[in-house]
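**Student:** Provided below are the primary sequence and the corresponding predicted coordinates.
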Protein chains: 2
Amino acid sequence: MAYSSQQETFHGIDAHTGERLEPGFSASTIDDVAAVCNAAAAAFDAYRSTDAEARASFLDAIGEEIMALGDALIERASRESGLPVARLTGERGRTVNQLKLFAQTVRDGAWLGIRIDPALPDRQPLPRPDLRMRKVALGPVAVFGASNFPLAFSTAGGDTAAALAAGCPVVVKGHPAHPGTDMMVADAIAKAAQRTGMPDGVFGHLRGPGNEIGAALVSDPRIAAVGFTGSRAGGLALVQLANARDVPIPVFAEMSSVNPVVLMPAALARRGAALGEAFVGSLTMGAGQFCTNPGLVLAIEGPGLDSFAAAAAEKLRQHAPQPMLTSGIRKAFAAGTASLAANASVTELAAGLEGDGVAREMARLFSTSGAEFLADQALAAEVFGASSLIVRCKDAQELATILESLEGQLTATLHLDDADSDAAKPLVPILERKAGRILANGWPTGVEVAHAMVHGGPFPATSDGRSTSVGTLAIERFLRPVCYQDLPEALLPPMLRNGAPEPRLVDGKPA
Amino acid sequence: MAYSSQQETFHGIDAHTGERLEPGFSASTIDDVAAVCNAAAAAFDAYRSTDAEARASFLDAIGEEIMALGDALIERASRESGLPVARLTGERGRTVNQLKLFAQTVRDGAWLGIRIDPALPDRQPLPRPDLRMRKVALGPVAVFGASNFPLAFSTAGGDTAAALAAGCPVVVKGHPAHPGTDMMVADAIAKAAQRTGMPDGVFGHLRGPGNEIGAALVSDPRIAAVGFTGSRAGGLALVQLANARDVPIPVFAEMSSVNPVVLMPAALARRGAALGEAFVGSLTMGAGQFCTNPGLVLAIEGPGLDSFAAAAAEKLRQHAPQPMLTSGIRKAFAAGTASLAANASVTELAAGLEGDGVAREMARLFSTSGAEFLADQALAAEVFGASSLIVRCKDAQELATILESLEGQLTATLHLDDADSDAAKPLVPILERKAGRILANGWPTGVEVAHAMVHGGPFPATSDGRSTSVGTLAIERFLRPVCYQDLPEALLPPMLRNGAPEPRLVDGKPA
């Protein structure tokens, strides 16, 4: 790993101590942005025309190079993020499996969306031409690393894997909270690209504090799409930059979600206390720093909800905090929870144990009534971290009204027993309109990397609810369809020729 | 058909005479916008949960009701648009077939994109939950009628058919250039909805001159997506309104394209004159008022191109004009062609016959050199109507440079013989980056409604190059994925239950 010795350097911060970590990293310049975007554009045609096996091998090789970094990667990531080694070891496994799954997706070929409508030369009144469609890569993609997943949503995370699988060169802007982790993974990707013979420029890497580099990246005319996971303000700023370009481009920003959890009456009556304990487990996992953290609990008031709240409060009071990712996140959490605590409509049910120094932020649990929640939009805002608000609804109608009032969400969860089924049924269409994923009897934290996963949802959960950032469907964000009409065989892409092995629809039917 | 007798009325104009057509139509008000959007939102859950057969029958019924309007529809459309009866009869057939094709698509069920990853309770280190994905409708869709296709891209056109197929209620803003046609088709849709038992509000209809009603429609919080075909300025204005909303929504605007046609050397040498004649046929069809009109011809200079240009000029000089759609379009065409004629870099090769009155605009053919084209961006702008510019390139390199310099296009066409194959090959990747459809040895006018069609393309051909406005893939613009995790069978949508007949991927494999 070559650490440049240019003038402007920046440092990671040890999340456990707040101290500066060595070495320093040279921040990228605006000239660097232009250079990597130029290289990405130059690599685009060569990279997107690599065959499936070559591209899949590249994705697999990235995973191998990440594993080859060994414990040093986990240790560095833990220091920079404050996340425990066990969690990061799991996150590394998930990151590598994600790359493998996209490699398999590329080999499978269904992502090409091939459709062939053969010529009908004798059709009346006009013949039909030969029409062949496939999806092609959009172009170089800018990916922003996320602070809360230094591996799975960062340099070689889901957006990078999906974009590379689609045939797009990728330019990563590493998250400044974990520059060492970012550099190690970037080097692993570069090694994999070289080892598998990918064109120069297929992967570009930028780093530095502040927003200037990222803004220049999104505004660069050679960038064709943007992937981002982070704050609502950050995501909206990128969307605005992308829309202001001469050629606007899609931004896939995952931003803000309170992930409502609905506790149905029969489930609450039978197992309110157990639900309360399990809830705190999900709420406090990773210091609550998950996009899918359960920040809002809705239930009809009564003894079941009382025992849920009592059990949750008791468990929370014993929760020892872990350091948060960055001082900025810590300050935002402190401000968000202070604002809730100061709200006259809100009661504080419990706080966790107080920690020391950078780990001082206690987990928090608040409560309010349905009427008060409906009267104050601020209560529906995300507080990133281990803070949640229980809303005591007076009846099923008020609960449904509150669900209807919510903004778009990544997830929505129902806890229910068989006896709740009839009451839950009318809630499902509401949740379908509000969320990308609907869970029953589970917790929203923990997002499976799978074919059927949707990690997305209506605005402001994401800036484009028509896609997902986790799972194999994510490849579609970086593709567009092209139709070839009557092209001679010699000019047709190989997978569109007669007899090619990739799956296809012929006249609309699988063939 | 009930013509309201409110105060503010507007009239269609006979495109053949410029005279006002009776009756007058009451313009919608801002209150009407809110009312139809409210009704559409109220109908949304009921409509999107109709079963495939019911929804398909509705689409088929719209086609039947349109046919039941008989000759009166064609006659009215011809008076309002100036388009010949034969063309409009063909366009009606296309419109009805389009509705039938979407009905078939709904019945087929592949559009649901169902994916199932069954639970793996014994997986280590963590069990996998049961994950089931389907696509759901976005919500009420606003559709703007297009002036140049009073049937196929208007009230019951492609966007309406695709959105209704997806399960979205539709609110149409009819094009003010053909209000009578619009009203007749809107009534046909309303009758079909009633006859097939669709919920009230599934189809809403607004009309009037000016932009106020359309702007209010796009800004209405109940609208979830917009379909538009028209000018670049009009499309960009809608995009801006949609982005400025509290909840931004996708706009699928088909806007601007010059549809470059590349004539390769061997083809030109062997059949330059024949190509020139055929080109003028495509250029002047429907007074050139097609989104896919061939407005730009690129070739390497030489005798082949000379004979192409001579044959095209000769044919064009005999072309008798037909009235254009509206006086606004006529004025824009006159201004655009006057600007080309006045450009010192441009030579006028030929003009068609001069017509009378509203039909006075002659078809025009211009020529310039490759170097001059590259030096003046204005030469690459669309002039809507029968005007085209031949660019004489000095060599293959200059031709490729010009292709690279172009904005996004709906189509790009190659005319080539076998001997041109090697020279054409390196152009294909450029065209793939620039256009939604690549044709060989044909003309871009005439867009087949098919599974493999792409009528779309990179900005500014459309505001979102990831989709198509023609063909069955168009249904995807109005859908988003939702994942159901561990939902009890009773709460799962029927098509996601085990044993349901709709096509699906199980663990990523067709099952």
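**Tutor:** Sure thing, it's come through.

**Student:** what segments of the stretch 401-511 of chain A are strands?
**Tutor:** A:409-415, A:435-440, A:479-485, A:504-506, A:509-510 (DSSP state E, counting those that start in this stretch).

**Student:** so can I have TSV of these showing mean neighbour count?
**Tutor:** Placement of C-beta: from N, CA and C, glycine included. Below are those laid out as TSV (neighbours: other C-beta atoms under 10 Å in any protein chain shown):
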stretch	mean neighbour count
strand A:409-415	28
strand A:435-440	27
strand A:479-485	26
strand A:504-506	18
strand A:509-510	10
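
**Student:** to residue A:44, which of the ones you listed lies closest?
**Tutor:** Residue A:44 sits nearest to strand A:479-485 of all the strands of the stretch 401-511 of chain A, at 13.4 Å, using C-beta to C-beta.

**Student:** can you list the domains in chain A?
**Tutor:** Here the domain parsing of chain A from automatic domain parsing is A:30-255+A:465-496, A:260-440.

**Student:** please identify the most buried of these.
**Tutor:** Among these, domain A:30-255+A:465-496 has the highest mean neighbour count (mean count of other C-beta atoms under 10 Å in any protein chain shown), at a mean of 22.

**Student:** state the mean pLDDT of that domain.
**Tutor:** Averaged across domain A:30-255+A:465-496, the pLDDT comes to 97.

**Student:** over to stretch A:294-309?
**Tutor:** Stretch A:294-309 comes out at a mean pLDDT of 98.

**Student:** how much space separates residue A:171 from residue A:31?
**Tutor:** As for residue A:171, its distance to residue A:31 is 14 Å (criterion: C-beta to C-beta, to the nearest Å).

**Student:** what of residue A:281?
**Tutor:** 48 Å.

**Student:** and what of residue A:397?
**Tutor:** 60 Å.

**Student:** helix/strand/coil for the residue of the stretch 151-300 of chain A found nearest chain B?
**Tutor:** Per C-beta to the nearest C-beta, the residue of the stretch 151-300 of chain A with the smallest distance to chain B is residue A:247, at 4.9 Å. With DSSP: H, G, I helix; E, B strand; the rest coil as the basis, residue A:247 sits in coil.

**Student:** now check the lengthiest helix in chain A, is it near chain B?
**Tutor:** With DSSP state H setting the assignment, residue counts place helix A:85-108 as the longest helix in chain A. Yes - on the criterion C-beta under 8 Å from any C-beta of the partner chain, helix A:85-108 is in touch with chain B at A:90, A:104, A:105, A:108.

**Student:** follow-up on the earlier one: can you redo the strands of the stretch 401-511 of chain A as CSV with distance to chain B?
**Tutor:** CSV is the format used below for these (distance: least, C-beta to the nearest C-beta, whole Å):
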stretch, distance to chain B
strand A:409-415, 8
strand A:435-440, 4
strand A:479-485, 4
strand A:504-506, 6
strand A:509-510, 7
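
**Student:** quick revisit: can you list the residues of helix A:85-108 next to chain B in TSV and add distance to residue A:77?
**Tutor:** Output for these, formatted as TSV (distance: C-beta to C-beta, whole Å):
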residue	distance to residue A:77
A:90	12
A:104	26
A:105	26
A:108	31
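
**Student:** out of those, which comes closest to residue A:221?
**Tutor:** Among these, and counting by C-beta to C-beta, the member closest to residue A:221 is residue A:105, at 29.3 Å.

**Student:** which ones are touching the closest residue to that closest one other than its chain neighbours?
**Tutor:** Spatial nearest neighbour of residue A:105, chain neighbours left out: residue A:472 (4.8 Å); criterion: C-beta to C-beta, 6 or more residues apart in numbering or on different chains. Residues counted as contacts of residue A:472 (C-beta atoms under 8 Å, 6 or more residues apart in numbering or on different chains) are A:101, A:102, A:105, A:111, A:450, A:451, B:508.

**Student:** nearest to residue A:384 among these?
**Tutor:** Among those, and counting by C-beta to C-beta, the member closest to residue A:384 is residue A:450, at 25.4 Å.

**Student:** quick check: the gap between the spatially closest residue to that closest one that is not a sequence neighbour and residue B:133.
**Tutor:** Leaving out its chain neighbours, the residue that sits closest to residue A:450 by C-beta to C-beta, 6+ apart is residue B:117, at 4.4 Å. Note on residue B:117: its distance to residue B:133, by C-beta to C-beta, is 8 Å.

**Student:** what touches both of those two?
**Tutor:** Common contact partners of residue B:117 and residue B:133 (C-beta under 8 Å, 6+ apart): A:451, A:452, A:453.

**Student:** ok, and the most crowded of these?
**Tutor:** Neighbour count (other C-beta atoms under 10 Å in any protein chain shown) singles out residue A:452 as the most crowded of the shared contacts of residue B:117 and residue B:133, with 32 neighbours.

**Student:** list the contacts for the residue nearest to residue A:119 when sequence neighbours are not counted?
**Tutor:** Sequence neighbours aside, residue A:130 is the residue nearest to residue A:119 in space, at 4.0 Å (criterion: C-beta to C-beta, 6+ apart). Residues in contact with residue A:130 (C-beta under 8 Å, 6+ apart) are A:117, A:118, A:119, A:485, A:486, A:487.

**Student:** what is the nearest of those to residue A:202?
**Tutor:** residue A:487 (27.2 Å).

**Student:** ok, the closest one - contacts?
**Tutor:** A:130, A:132, B:438, B:439, B:440.

**Student:** switch the cut-off to 10 Å
**Tutor:** A:129-132, A:493, A:496-497, B:414, B:416, B:424, B:428, B:438-441 (C-beta atoms under 10 Å, 6 or more residues apart in numbering or on different chains).

**Student:** do the same with residue A:221
**Tutor:** Residues near residue A:221 by C-beta under 10 Å, 6+ apart: A:37, A:41, A:245, A:246, A:247, A:249.

**Student:** is the residue nearest to the second one when sequence neighbours are not counted in a helix, a strand, or coil?
**Tutor:** Same thing as residue A:41. The shortest distance from residue A:41 to any non-neighbouring residue, by C-beta to C-beta, 6+ apart, is to residue A:222 (4.1 Å). In three-state terms, and counting by three-state DSSP, residue A:222 is coil.
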